[in-house]
Structures are given as C-alpha cells and as structure tokens.
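Colleague: Sharing a model prediction with you, sequence too.
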Amino acid sequence: MSLVLFNDLTRKKEEFIPIKPGQVSFYSCGPTVYDYFHIGNARPFIVFDVLRRWLEHEGYNVKFVQNFTDIDDKMIHRAHKENITVQELAERFINEYNKDADSLGIKRPDVAPRATEHIQEIINTISRIIANGHAYESNGDVYFDVKSWPKYGTLCKQNLEDLESGARVEPGEKKRDPLDFALWKAEKPGEPSWESPWGKGRPGWHIECSAMSSKYLGENIDIHSGGVDLMFPHHENEAAQSEAASNSGKPFVNYWLHNGFLLIDSEKMSKSLGNFMTARAALEKYNPLALRFFMLSAHYRSPINFTPESLEQAESGVMRLRNCLSDLDFAAENRVNDSSNFDVKEFDAKLKDFHAKFADSMNDDFNTAAAIGILFDVVHLINTSLKENETLPSEFFKLAKKYLLEYDNILGIIGDVESDSESDEINALIQERTQARKAKNFARSDEIRDLLKSRGIILEDTPQGTKWKREI
RNA sequence: GGCGGUAUAGCCAAGCGGUAAGGCAGAGGACUGCAAAUCCUUUAUCCCCAGUUCGAUUCUGGGUGCCGCCUCCA
C-alpha cells in the first residue's frame, strides 16, 4: 500500500505523489518565539516529526523546513513588557524552543529560518505580488488585494461574501477591502523596522512563510502542515501570496495537512480559562515518552483531550513497551541458547506480517494510533515467546530487538533502557538483597527494594535473577 | 449566520458494508517468600430515528450532544 494523505485542499485522502520522485519538500509552521511553547503547540511539532520520520523511513529524501516567527505584534508587546529588544526576546525563546523540542525527541528541522533574517526575500516577494497586480501600497502599508485573487477561499472552502461578513478592520488600517490583509506594515514608533520600497516598516505575519518556503523549497512544495486553526487565515493567505508572487499557475502546496486541536479537560486551552500549560510545565510533570505516546495515540486530525488520566494511561502504555525491551535485554544476557528448538522462522514470519500491517497503518493517512496497536501486538508476541521458552536462540533476540528499535525510531515512544552510571551501586544493593533472600531475611530484602523504589528503581525477581529498571 | 469536525466498553482509541484492533483501569487464575513484570481468562444492543442493502457501527436522510474555524491562537 502506498502512502495516502488526507489533503485539506480537496478534503479527501489522496495518494502521495512527490513532485520529484524520492524527494519530499515539507514546510511546517513553527512557533512565534515570544514565550515558551505550550502543550497544544507541541502536537503539530510531534505528529509532523513522526510523519517526517516515516517518510524518511520509507526512503524519501525529505527536506524539512520549520520557521521561527521572530517579528510580529506578540513579539513586540512581549519585548516591550520585558524591557528587552525583540531580537533578545527571539534569541531567548528560540533557545528555549530547542530545549523543549529536544526533550520531546523532536528532530531538528533541516532548515529553521527566521523571518528577520529574510527581510530581503520578503520584500522581493511583496514586490512581485505588487508587480503582478495583486497587492497595493497604501500610506506605507502594503495589502494583498483579495478581490483580485479568484482562488481566495479555496483552502478554507469559504466564499468571499461569507468571509466578508466576518471580516473586521482594525482602526488605523488603510485597506481597500476588509478582507485584504497586510503584507507590509508601516513603521510605528518604538517598533523594529527595515527599509523597503514603501518606506520603513516590517513584514506582515503570513508573508514570511511564503518568502522562506519558496527560498528553501521552491515555489511548488509537496507538504505544508500546521494546526487546523491556521487553515484560515494563515494558510489561505500564504497560498494566495505565494501563488500571486510566482504567477506560474502552479499550486503553492500539493498536500495541506492540518492537525486537530488539543483540548485541556475538554476545553480549548486559554490563559483566561486558567487551563494553559506550557510544554515545559508538562515535561516537568510527565515523561516525554508519555507525552509523545499521548499525542500519537489518536489520529492526528482528531481532537485530543489532555487530562491527567490520559497522560497516566500513556505512561502505563509506555512502561509496557519499555518492559518488553528491558525484559528482552535481560533475557539476552541469561537465556541464549542457539540449539533451542524455538521456531525462529515462524517468529520471523509473524514479525514480517506485523511489519506489513504497521506500514499499512502509517501509509493510511499516517494512522499512528493503529500503528501503536500493531506495536503492542509485536510486544505481546515477544512477551509470549519469552514466557513460553526457557532458552531462545540469539536470532530471536536479534530479530525482536531489530523490529522494536525500528518502530521506535519512527515513533519515539519506547526510548533507551540501557543501564547508566549508577548501575554499579544499584547492582551492589541487588547483590546484598540476593544474599538476604537466600538467608530468608525478607525484611532486609524488602527494605532494599523499597529504598531503590524511592529512588525510582523497580526490582523484578526472575528465575534468572533480579533485574531492575527505572520508573519513567 | 457561514464553513467544518466528531459521537465506538469504566477511561483512551483504531476500524468504516459481512455482526467490533490495541492500550489503560477492574475481576479471576498462573508465576512469586511477598511483590513487580509477564502470561491465561473476563468486560461493547458501536448516540437516536428512518431509509438503502441479503446484510450497517460502517452508506443516505433527519434528529440530538460535544467541539473547532470565520484576521494574526498550533
């Protein structure tokens, strides 16, 4: 089965056919770096990270671009409030973004362009739109002329009249039509500004993505992703700008992908409701693997509800996956026997069958929830094999681990179970406990177990001895 | 008002024409000094009402509930 994606342009699942065979140009809307990003922002970062990894796994050469919006109203307000420059604010929160994204196991983009480093490209793009007759200058502002662009509204499936009725004009704007949106904003006192053919000013919000995506990916790109709320106006405007600038008749984007909203306790997250949570705060409370598991346990287009219960469930699920891997490692040290009569061929055949199902799920509009289901089937198969066979051939361990790691390389929800620097001390305590158990000194034995438990180390007694693992 | 999404067990969540994956939690059992992990067993008239069909959770129509977008929020 080949990859099928739900394209918001057509509202249908479509077979994914890249512009250049074997290559994917992928632009994902990044954060506005005025604050820590929140747990709702984390969803697109995580799910599209997984899509990117899946494409790479399938052999595509993916060029993944995710921007930093480092100049806009929010940036200006926040910098003013903190009494620092917009640039200082951006530096700080780009850094914080990278910290949190790294913690969440999100691969860095191939290119992470910043709006303020592409002012010239933005100005060029605007100039082309004006030259092509789809934008106009008005007292130092430049606006996109929506009425001149018949395709406007095709992404969000709205007609101009309906959009018009919902449009509002901010005081001080100099638009010809309420639907027109700013490409360039004339300088205001105390705000950062750049020289342009229309006087000093700064870019509007949408134009940076048009300018930067075409610079790094070309005028016609394969995939563009973001949250559903960006569909209108952001992506609608981006498409209009990009296509009006290139004037090539080619679509800006072939596949538009939008993730569903993350709710907190069934409500939209907002500061006024008091249910706002940064990714940083979530990471202090929950394991990153559990956060990823949670994000990937539902289809990316469905809304998901962030609750303490759902995160606890995710943590339990992650533990089950990790237990399998650590049981496997432990058994690999104690129970290898190449003359075991375990049927490796049959095992391999089953794993291959699961592998095909996993791939089918991922290829079916990137159905990570179903794929995780298959992963649990694999885990169950491995657990049962470990249970039913006292010894197993080394080929069994090789295969089991190969598949688990392959899946985790895409999903990133199992993580590393290797022992660490503390292990010498832990092993010494375990040895002491083993002696105590031999002497039927269960009081001491349980004391050691509780001591380690309090440090997040779980002991498990097996016929091959005591194994330990970390809580997540 | 316009556009759109969604409704599956106690909870989370796939499936979407041939009578329901998986996970979490619970119950019983095996194993264990006790645990933990794991294994076995167990838990669903798929929101309601019509219709299409040999057959619908799955398609169509109509309800109802919840949610999102409609100018700078992923």
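Modeller: Arrived safely, thanks for sending.

Colleague: C-alpha only now, for contacts and for neighbours.
Modeller: Fine.

Colleague: buried ones in the lowest-mean-pLDDT helix or strand in chain A?
Modeller: The helix or strand of chain A with the poorest confidence is helix A:160-166; it has a mean of 71 (mean pLDDT, DSSP states H and E). Judged by neighbour count (16 or more other CA atoms under 10 Å), helix A:160-166 contains these buried residues: A:Leu160.

Colleague: next one: stretch A:261-273
Modeller: A:Phe261, A:Leu262, A:Leu263, A:Ile264, A:Met269.

Colleague: now swap in stretch A:455-469 and tell me
Modeller: Buried residues in stretch A:455-469 (16+ other CA under 10 Å): A:Ile457, A:Ile458, A:Leu459, A:Lys467, A:Trp468, A:Lys469.

Colleague: Contacts only, for A:Phe252.
Modeller: A:Phe252 makes contact with A:Glu219, A:Asn220, A:Ile221, A:Ala239, A:Ser242, A:Glu243, according to CA atoms under 8 Å, 6 or more residues apart in numbering.

Colleague: Repeat that for A:Asp461.
Modeller: A:Lys467.

Colleague: three-state assignment of it?
Modeller: strand (DSSP: H, G, I helix; E, B strand; the rest coil).

Colleague: returning to that earlier point: among the contacts of A:Phe252, which ones are in helices?
Modeller: Judged by DSSP state H, the contacts of A:Phe252 include A:Ala239, A:Ser242, A:Glu243 as members of helices.

Colleague: pLDDT at the nearest residue to the first one once chain neighbours are set aside, what is it?
Modeller: Leaving out its chain neighbours, the residue that sits closest to A:Ala239 by CA to CA, 6 or more residues apart in numbering is A:Phe252, at 5.7 Å. Confidence per residue is given as pLDDT, and for A:Phe252 that number is 93.

Colleague: Equivalent analysis for the one 3 residues further on, please.
Modeller: The confidence metric pLDDT takes the value 94 at A:Tyr255.

Colleague: Can you tell me the SS state at it?
Modeller: strand.

Colleague: just for chain A, where's the confidence low?
Modeller: A:165-173, A:271-273, A:419-421 (pLDDT under 70).

Colleague: Output the longest helix belonging to it.
Modeller: Under DSSP H, chain A gives helix A:308-334 as its longest helix.

Colleague: buried ones in that one?
Modeller: A:311-312, A:314-315, A:317-319, A:321-328, A:330-332.

Colleague: Next: stretch A:274-285.
Modeller: So for stretch A:274-285, counting by 16+ other CA under 10 Å, buried means A:Phe276, A:Met277, A:Thr278, A:Ala279, A:Arg280, A:Leu283.

Colleague: Determine which two of the buried residues of stretch A:455-469 are furthest apart.
Modeller: A:Ile457 and A:Lys467 (10.1 Å; CA to CA).

Colleague: which stretches of the stretch 101-250 of chain A form strands?
Modeller: A:135-138, A:141-144, A:181-186, A:201-203, A:221-227 (DSSP state E, counting those that start in this stretch).

Colleague: What's the local residue count around the nearest residue to A:Ile130 once chain neighbours are set aside?
Modeller: Leaving aside its chain neighbours, A:Ile130 sits nearest to A:Tyr136 (6.0 Å; criterion: CA to CA, 6+ apart). As a burial measure, A:Tyr136 scores 22 neighbours (other CA atoms under 10 Å).

Colleague: From A:Phe144, how far out is A:Tyr136?
Modeller: 7 Å (CA to CA, to the nearest Å).

Colleague: and what of A:Asn41?
Modeller: A:Asn41 is 28 Å from A:Phe144, by CA to CA.

Colleague: repeat for A:Trp54
Modeller: A:Trp54 is 37 Å from A:Phe144, by CA to CA.

Colleague: Neighbour count for the two, which is higher?
Modeller: Each of A:Trp54 and A:Phe144 has its neighbours counted (other CA under 10 Å); A:Phe144 has more, 28 against 20.

Colleague: need the contact list for that one.
Modeller: A:His134, A:Ala135, A:Tyr136, A:Asp180, A:Phe181, A:Ala182, A:Leu183, A:Gln241.

Colleague: got a list of what the residue lying closest to it once chain neighbours are set aside touches?
Modeller: Closest residue to A:Phe144 apart from its sequence neighbours, by CA to CA, 6+ apart: A:Ala135 at 4.2 Å. For A:Ala135, the contact set (CA under 8 Å, 6+ apart) comprises A:Ile126, A:Ile129, A:Val142, A:Tyr143, A:Phe144, A:Asp145.
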